[in-house]
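In: Structure, please.
(one chain, ligands or ions: 1)
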Amino acid sequence: MTDTTFTNHQNPTFLQACLRQATPHTPVWLMRQAGRYLPEYLATRVKAGNSFMGLATNVDYATEVTLQPLDRFPLDAAILFSDILTIPDAMGLGLSFGVGEGPRFASPVRDETAVDKLAVPDLDKLRYVFDAVSSIRKALTQADGKSRVPLIGFSGSPWTLACYMVEGAGSSDYRLVKTMLYSRPDLMHRILATNADSVAAYLNAQIEAGAQAVMIFDSWGGVLADGAFQDFSLAYTARVLAQLKTSHTDANGNTIRIPRIVFTKGGGLWLQEMAALDCDVLGLDWTVNLGKARAAIGGEEYAPGVSGPGKALQGNIDPNVLFAQPAQIEAEVARVLDSFGTPYQGAGTGPSHIFNLGHGISQYTPPENVAALVDAVHRHSRASRGLQALRA
Ligand code: CP3
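Out: Down below sits the predicted model:
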């Protein structure tokens, strides 16, 4: 039997909301919650030779920075400290991060010869990631044996990884990767198939190491044309999901469900198609109206033991709201929560919401504004549940 009661968790709200179960408040975590907006992150990075990969490849540092945002804010989930570009690095493309620059690959994949050389990497090259997952899980386990908050593992989507692999760096126009897509779709499909199988193996290994949910970041799915998105992004995200473990039996013999989250930035136009994915949660950016998304794909209420279609929704406040004053942040938080409406509160399953940003947090964000946001999500979502219970 798969345990979906989460008795070994101090705070299971995130996992419950992923599975469309009722929660006392709307759980919140933030994409890129560990990072440069925190002075303690910058201090640890200096210890690691001022290098991002120095942090990510050292188990102790990766654990330390994963926990930093949790020690400051009462967030409801932790996310592994790593990067989506670890896979192409392990494929031999030579990842580096210049100081003050984005990521760069020494050997981008631009022609058939380079595509011929691509293969699912030896997972031993990514051992540092799986070791970090185990170490973070241990650090999140309390004296009573319960998890403080769940740990999310993650990967890039096959298409988003391909963007970096072909461009060799971040891009503003995606010219090189789209040139290949339109002129040599056969090569693009070969890259995406290899990426999908690599991502599936990588996420399954994170689950084996202790990740309690997994998220696929399709950060650049939204730059594709209608039609191209379905063929070159969605189809390969589906290929990943088809290979993913949906449950895991831990060392104590407990079998737990592993929720799967798919986030497509700019994916709002394709919600109906994404709702057909075999995943539990869809992440949305700030262009989407949560109430409309709930009506379209959030599913019905089902009695205990009954199941049917419907996705939990994650998102979607504009990260730039965090540059306003706390009172304005609180008002915007309330707008986002109210646009979703009160989540299902019964004993079965129904529409549920996980609060997050619509994309990653900016490095210029004042940390005290993050405290205001997290507090507002908890307070306002608790209060609106109470009001609904009073009216019922
Ligand atoms: O959310 C977390 O706290 C976990 C850590 C995490 C990082 N990257 C750490 C990181 C996660 C989930 C990612 C995902 C990631 N990486 C994505 C998908 C999410 C998204 O934002 O769309 C993408 C596209 C990348 C690729 C990447 N890595 C870029 C473009 C950059 C440079 C941009 C920047 O912000 O500087 C990175 C580097 C990176 N990854 C940093 C961090 C904290 C900054 C590195 C530093 O310390 O200098």
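In: What helix or strand is the closest residue to Gln68 other than its chain neighbours located in?
Out: Nearest residue to Gln68, sequence neighbours excluded (C-beta to C-beta, 6 or more residues apart in numbering): Glu40, at 5.1 Å. Using the backbone N, CA and C atoms, a C-beta is placed for each residue, glycine as well. Per DSSP states H and E, Glu40 falls inside helix 39-47.
In: What helices and strands are in contact with the helix or strand following that helix?
Out: Of the helices and strands lying after helix 39-47 in sequence (DSSP H and E), the nearest is helix 52-56. Helix 52-56 sits against helix 39-47, helix 59-72, strand 95-97, helix 127-140, with contacts defined as 3 or more C-beta pairs under 8 Å, 6 or more residues apart in numbering; DSSP states H and E.
In: quick one: the residue nearest to Gln68 from Val166, how far?
Out: 36 Å (C-beta to C-beta, to the nearest Å).
In: With neighbour numbers in mind, choose between these two.
Out: Between Glu40 and Val166, counting by other C-beta atoms under 10 Å, Val166 is the more crowded of the two (25 against 16).
In: The more buried one: which element?
Out: Using DSSP H and E, Val166 falls in helix 158-167.
In: Touching that helix from outside, list them.
Out: 84-85, 87-88, 91, 93, 103, 105, 108-110, 156, 170-171, 174, 176-177, 180, 188, 191-193, 195-196, 199, 217-221, 223-224, 232-233, 236-237, 239-240 (C-beta atoms under 8 Å, 6 or more residues apart in numbering).
In: Pull out the buried positions in it.
Out: 158-167 (16 or more other C-beta atoms under 10 Å).
In: got the residues of the stretch 251-392 of the chain near the ligand?
Out: When proximity is defined as C-beta under 6 Å from any ligand atom, the stretch 251-392 of the chain approaches the ligand at 359-360.
In: how about low-confidence regions in the stretch 251-392 of the chain?
Out: Within the stretch 251-392 of the chain, the ranges that satisfy pLDDT under 70 run 392.
In: what about the strands in it?
Out: 255-257, 260-264, 281-283, 312-317, 353-357 (DSSP state E, counting those that start in this stretch).
In: in the stretch 101-250 of the chain, what residue is nearest the ligand?
Out: Minimum separation of the stretch 101-250 of the chain from the ligand (C-beta to the nearest ligand atom) falls at Ser219, amounting to 3.2 Å.
In: close enough to count as contact, that residue and Gly156?
Out: Yes. Counting by C-beta atoms under 8 Å, Ser219 does reach Gly156; the two are 7.1 Å apart.
In: Please report how far Asp89 lies from Asn50.
Out: 19 Å.
In: who's more crowded, the two?
Out: Comparing Asp89 with Asn50 by neighbour count (other C-beta under 10 Å), the higher total belongs to Asp89, at 20 against 11.
In: Contacts only, for the closest residue to the more buried one other than its chain neighbours.
Out: Leaving aside its sequence neighbours, Asp89 sits nearest to Leu95 (C-beta to C-beta, 6+ apart; 3.8 Å). With contact set as C-beta under 8 Å, 6+ apart, Leu95 has these partners: 53, 85-86, 88-89, 103-105.
In: rewinding a little: in helices only, show me the contacts of helix 158-167.
Out: Using DSSP state H, the members of these that fall in helices are 87-88, 176-177, 180, 188, 191-193, 195-196, 199, 236-237, 239-240.
In: which stretches of the stretch 201-350 of the chain form helices?
Out: Secondary structure of the stretch 201-350 of the chain (DSSP state H, counting those that start in this stretch): helices at 228, 235-243, 271-274, 290-297, 326-340.
In: okay, the ones you listed in a markdown table with mean neighbour count next?
Out: Compiled in a markdown table, these are given as follows (neighbours: other C-beta atoms under 10 Å):
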| stretch | mean neighbour count |
| --- | --- |
| helix 228 | 18 |
| helix 235-243 | 19 |
| helix 271-274 | 17 |
| helix 290-297 | 18 |
| helix 326-340 | 18 |
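In: Reformat the ones you listed as JSON lines; add distance to Gln68.
Out: Output for the helices of the stretch 201-350 of the chain, formatted as JSON lines (distance: least, C-beta to C-beta, whole Å):
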{"stretch": "helix 228", "distance to Gln68": "39"}
{"stretch": "helix 235-243", "distance to Gln68": "29"}
{"stretch": "helix 271-274", "distance to Gln68": "32"}
{"stretch": "helix 290-297", "distance to Gln68": "29"}
{"stretch": "helix 326-340", "distance to Gln68": "21"}
